[in-house]
Structure formats: structure tokens, C-alpha cells
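Q: Got a predicted structure plus its sequence, pasted below:
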Amino acid sequence: MVGGSGYLAAAVFLGALATIASERVHRTKVALAGAAVVAVLLLDVDETIEAVDWETLGLLTGMMILVGLTERTGVFTYVALRAAQLSQGRPLRLILLLAGATGVLSAFLDNLTAILLVVPVTLLLSDMLRIPAVPLVLTEVFASNIGGTATLIGDPPNIMIGTHVEELSFIDFIVVLAPISALVLLVVAGLLYLVYRGRLRTDREAAAALHALDPMRDVRGRPYVGRSLLILGATIVGFFLHAPLHLSPAVVAMTGATALLLVAADNVEEALERVQWATLFFFAGLFVMVGALQKHGVIGEIADWIGSLTGDSRTIEALVVLWGAAVGSAVVDNIPFTAAMIPVVDELEGSEFHEATWWSLALGACFGGNATLIAAAANVAAAGVLERSSQRLRFGEFALIGVPVTLVSLLFASLYVWLVVL
Amino acid sequence: MRGQPFDLAELLVPAAVDLSATIEAAARELVACDVGALAVLDDERVRGIFGEDDLLRAVFPGYLGELTHTSFVEGDSLLAPHLEKAAATPVSEFMRKAELVALPTSALDIAQRFMHTDATALVATRDGRFTGVIDQTQFCTTILRRYGWQL
């Protein structure tokens, strides 16, 4: 039974979720304030420290350094630009290639970084092609959330699940989640083409101007291109091998980041400025709040409630987790929602290990991130870039296409979980 | 080395535009006053500051600030539509929070304000009312000339 402390922990967490969703206060401030309340009233020092998932923070930090340093080489801009050139200004090709490039970058960097890299290039492209930017940016946002689903490092929910569940390796994520992500990406790209094809027609002159650009110009002669790509590539290989090598993904990421700092960073302080401290503190605050929920029995209550809904059926349990995670992520933000759901799935599992429930959580949280503007960090970041370029991506406009995209994705995911994963 | 007595009043430039002024009008005022920034006023109340860097943000595509590399872009054909749009945009959309300095104060205080902020111009007020803009370059050159530097 949940007592007074449990109700207080739940009230703090729900209050934090509501405040984050309202976007009135920076989410890091909210998470830290919530963490401070539960640390003072509901947890002792050891419990507070233990509640933080240091693996997740290590993996995030390592990837921030790796991607931040590699970004300077211009290769990511090259990829986005080259994809647009290959489209020759044709709407279907443009959507498919931008979605594909963003999806792959998201899978192997992380989707938030991928969005921050490709959206500014896309705004430039839309200017050159004289077409509206919003349809292209929405394509990239959806592609980043779907592409990020494919790997352990692609999307924050996967990072949290992957670092928490030792039984699931980087290769497991790719083997199970990459096929469905690729399929859903293709379907969603087709849907977006049908919706936006009329707005993406370009004239020959504009397409020729785009084709005339030399995307290699910024890469040539830049220092550390080879070293940066080599170490980033080696780190990705390291992720593939982390299970047989008995190394956690966080250790792989931090080793790669350290190697890159050693050989490709002239100024270590400048290089470390690429670490997004606000994001790391946001995660830390969330983990502490969830630790209080766990300690005071709230997580157990939720797991019992879900268990009573699903009975003994693993299929129903997986589908409830899938759709519940998607709805929860759409309403609040998939990062805090996943942070809270991980211990719930732990409780549901009990002493048995059922992969399908974890895959359902990953698919639900990641695909649910496409439903609304506030559902995933990448969406908010894209809207921010647009706003700084005097363009607006409204909540309603996003949801109008985001909700159908999410429903289609979830239908495919449900069939996949039911027919293939279970 | 001793300098001449220094009077802050000689640095104050009454460079200001109304809150509803367009970017084009503000650009004209910047050139006319030969300063790096203008105070943005609403009935003599300081509402913000609009400087050369704000003018840059207003007339060039905003995404340039987000791109890490741009040397692959040739020519300036993309600029025309942005200039056209910016010309009629109110200055209030691109102004920033003004760094206010209450008079009377010292040259050292002014220097400290420039060092501790990104501002290239300060808005001076006396009894809460706008008095003038202190431009960083003019401030430096005036001080140095007072101390005998031949600039």
C-alpha cells in the first residue's frame, strides 16, 4: 500500500511532469526542484545517489563529446547537403533522402544532435529551392524519432532502457528494432509525401543552383577529419562489441570521447563546452524523483494495476506497455515517462525476463515522441531552430500530422510485437 | 601618465528609436548617429536596445547562426527576400534587453559593465529617464585620447 510519503512522491513527480509539459519553466529547473524536494523529504543521501543512473549519464556525456568534436569537421552538413542534392529537387526523392539521412544520423549519433545538425541545413535548402521549410523539418523530426528507435544510442528512451537492462545489447537493439524502424520510416515518408507533395514542387533553376553547390568544400582542409571519423567509427564498432567484451555502452562512449579529446581537441575546455550540462542535470533530477516513487511503493502499485489489467497474457501486457508508453510520451515527454516506466516494467517482469515488454516500451516511447511538439526533445529543438529563423512551428500544426504518423507507426509496431517479437 | 578630467556627458549620444520603428528606420538612425546601438524607447521609457548585431540577425537568415559551415554557399541571391521582409519588421522583434547604467557614475564602472556583459553599448539613464547611449568603441577611444594616445 502506498502511504503518505508515496502520495507526496507521486504529487511531486506529476507536478513536475505537468510543469515540464506546460513549457513555462525550463525542464532542468523543474527536474532539479523536484529532486531537491524528494531528496530532502523522502530519500537519504545514499538513496539519492543510488537513484541516479550513472550509466545513462556517462553514455550521454560520451556521445555529446564525440558528436560535438566530429561536428566541427563538417561531415554531417555534407551528408545532409548531399542527400538534398541527390533528390534533384524532386519532392518524393527529397522526402525519402532527407528522412533516410536524418534517420541514419539519428540512429548512430542521437536524434537530438541529428536534428540540430540537419535542420539549419534544411532551412538553407528550403530557401534555395524556394519551398516552405516546415514540411521538410517535420519530415526530419519524424525521421529522427523513428531512426533513433533503431539503436541503443539513438533516442534517450533507448539509452535509458539499454543502460538499465544488462541482458539487452547494442546488437539486440539493432536486430529487433532496426527492421521495424526502417519499415515505419518508409511508410511515414510515403505518408508525408502524400500530404506535402503539392508544397514541395521546385523549379529547375532552383534545383540547378542546389546541384551546383560543392558540399565537400567545408570538409576539405579541415583539421582532424580523418581522426574524428576514425574514432567515431571505432566507437560505433565498440558499441557492437560491448556485450562480448563485457563493457557497458557508457564505458565505450566515454573511451571514444577520451580518445577523441586526446587526438583531436587542441583546447580541452572548449571541447567540453559541447557537453549539454542542462540535459544531464535534467536526467539526474528525473532519476532522483523516480527513485522516490520506487522507494515509497508507487511504482509497485502502478505495476500491480497494469498486471491486473493484463492478467497473465504477455501479449496484452506488451501491447498495453506499447500504447501506454506512446500516449504517456505524447502527453508529457518521452524522457521522464520512460524514466518512470523502467522500474514499472522491472516490477512487471518479476523474476522472469521477457524481452518483448522492454521492446514494447522502447517502441512506444520513441514512436510516441512523434505525436506532439512536446513529446520528444528533438521536436522541441527543431521548433527552437525554426523560431530563431523567424519561422513558427505551432503545437496544433505539429499534432495534426504528428498524431496520424504516431498512430500508423504504432499499428505497425503492434503487429510487429505481436507477430514477430513475442 | 595623468589624463584630462573626464566628463561622461560628452560620450552620451542621444541615439534612440521608437518601439514601433521599422528595422529600416533603425538602420538609418544607426548610420546617422554613428553608434553601434540605439536605445528603443516607449514614451521615454527604455524598453530595449537595438545594435549592429541585431541588425545582422534581422536582415540575414536566422539559420546562418545555427550552421557550423557555410562556405559551400556562393553568391548572395538568398538575401533579397530576407531584406525585403526585414525592412518592414518592427524593431521590437529583434531588440534585446538593454544594459542600463544609472548616472552619475565613473569611467571604471562603465568599463566594468562592458567587460562583464556582451553589450557593445550601454543605455544611460538619469532618474530613470533615458539620457543617451554609450558606445564601447567611442568610450575606449575617448579615454585613450584623454591619456595622450595618438589614435
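A: Yep, that arrived. In this text, all values refer to a predicted model and were calculated from it rather than measured experimentally.

Q: Spell out which parts of the stretch 201-350 of chain A neighbour chain B.
A: Counting by Cβ under 8 Å from any Cβ of the partner chain, the stretch 201-350 of chain A comes close to chain B at A:Ala209, A:Ala212, A:Leu213, A:Asp214, A:Pro215, A:Met216, A:Arg217, A:Asp218. Heads up, the C-betas are built off the backbone N, CA and C, glycines and all.

Q: Go again with 10 Å.
A: Contact residues (Cβ under 10 Å from any Cβ of the partner chain) of the stretch 201-350 of chain A with chain B: A:Ala209, A:Ala212, A:Leu213, A:Asp214, A:Pro215, A:Met216, A:Arg217, A:Asp218, A:Val219, A:Arg220, A:Arg222.

Q: among the residues you listed, which ones are buried?
A: Those of these that meet the buried threshold are A:Ala209, A:Leu213, A:Pro215, A:Arg217, A:Asp218, A:Val219, by 16 or more other Cβ atoms under 10 Å in any protein chain shown.

Q: Enumerate the positions of the host helix or strand of A:Ile20 that are buried.
A: Per DSSP states H and E, A:Ile20 falls inside helix A:4-22. Within helix A:4-22, the residues that count as buried by 16+ other Cβ under 10 Å are A:Ser5, A:Gly6, A:Leu8, A:Ala9, A:Ala10, A:Val12, A:Phe13, A:Ala16, A:Leu17, A:Thr19, A:Ile20, A:Ala21.

Q: For residue 71, what are phi and psi?
A: If you meant another chain, say so; for now it's chain A. Backbone geometry at A:Glu71, expressed as degrees, to the nearest 10, gives phi -60, psi -30.

Q: I was thinking of chain B, sorry if that wasn't clear
A: The phi/psi pair for B:Ser71 (degrees, to the nearest 10) reads phi -70, psi -10.

Q: so it makes contact with A:Gly74?
A: Yes. B:Ser71 lies in contact with A:Gly74 (Cβ atoms under 10 Å); the separation is 9.0 Å.

Q: so what's in contact with these two at the same time?
A: Common contacts of B:Ser71 and A:Gly74 (Cβ atoms under 10 Å, 6 or more residues apart in numbering or on different chains): A:Arg217, A:Asp218, A:Arg220.

Q: which other residues reach the least confident helix or strand in chain B by mean pLDDT?
A: Averaged element by element with mean pLDDT, DSSP states H and E, chain B has its least confident helix or strand at helix B:79-87 (a mean of 87). Here helix B:79-87 makes contact (Cβ under 10 Å, 6+ apart) with A:127, A:130, A:389-390, B:22-25, B:27, B:55, B:57-62, B:64, B:76, B:93-94.

Q: contacting residues for the residue nearest the centre of chain B?
A: Centroid-nearest residue in chain B: B:Ala37, 1.7 Å away (criterion: Cα atoms, centre = their mean). Residues in contact with B:Ala37, defined by Cβ under 10 Å, 6+ apart, are B:13, B:15, B:26, B:30, B:48-55, B:95-96, B:98-99, B:119-123, B:133-136.

Q: and chain B, which residues reach chain A?
A: Residues of chain B lying near chain A (Cβ under 10 Å from any Cβ): B:57-58, B:61-75, B:77-79, B:81-82, B:85-86, B:89, B:93-94.

Q: swap the cut-off to 6 Å and go again
A: Counting by Cβ under 6 Å from any Cβ of the partner chain, chain B comes close to chain A at B:Gly62, B:Tyr63, B:Glu66, B:Leu67, B:Thr68, B:His69, B:Ser71, B:Phe72, B:Leu78.

Q: Check which helix or strand B:Val101 maps to.
A: Using DSSP H and E, B:Val101 sits in strand B:100-102.

Q: hmm, I was thinking of B:Ile134
A: Applying DSSP H and E as the criterion places B:Ile134 in strand B:129-135.

Q: average pLDDT across that strand?
A: Strand B:129-135 comes out with an average pLDDT of 93.

Q: which parts of that strand are buried?
A: Neighbour-count burial for strand B:129-135 flags B:Phe130, B:Thr131, B:Gly132, B:Val133, B:Ile134, B:Asp135 (criterion: 16+ other Cβ under 10 Å).

Q: CA atoms only: put the following helix or strand past it into PDB for me.
A: Note on strand B:129-135: by DSSP H and E, the next helix or strand toward the C-terminus is helix B:136-146. The C-alpha coordinates for helix B:136-146 follow below in PDB (Å, rounded to 0.1, in the frame of the first residue of the first chain):
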ATOM      1  CA  GLN B 136      32.000  50.900 -26.500                       C
ATOM      2  CA  THR B 137      34.400  52.000 -29.300                       C
ATOM      3  CA  GLN B 138      33.800  55.700 -28.600                       C
ATOM      4  CA  PHE B 139      34.200  55.100 -24.900                       C
ATOM      5  CA  CYS B 140      37.600  53.400 -25.400                       C
ATOM      6  CA  THR B 141      38.900  55.900 -27.900                       C
ATOM      7  CA  THR B 142      37.900  58.900 -25.800                       C
ATOM      8  CA  ILE B 143      39.600  57.500 -22.700                       C
ATOM      9  CA  LEU B 144      42.700  56.700 -24.600                       C
ATOM     10  CA  ARG B 145      42.900  60.100 -26.200                       C
ATOM     11  CA  ARG B 146      42.500  61.700 -22.800                       C
END
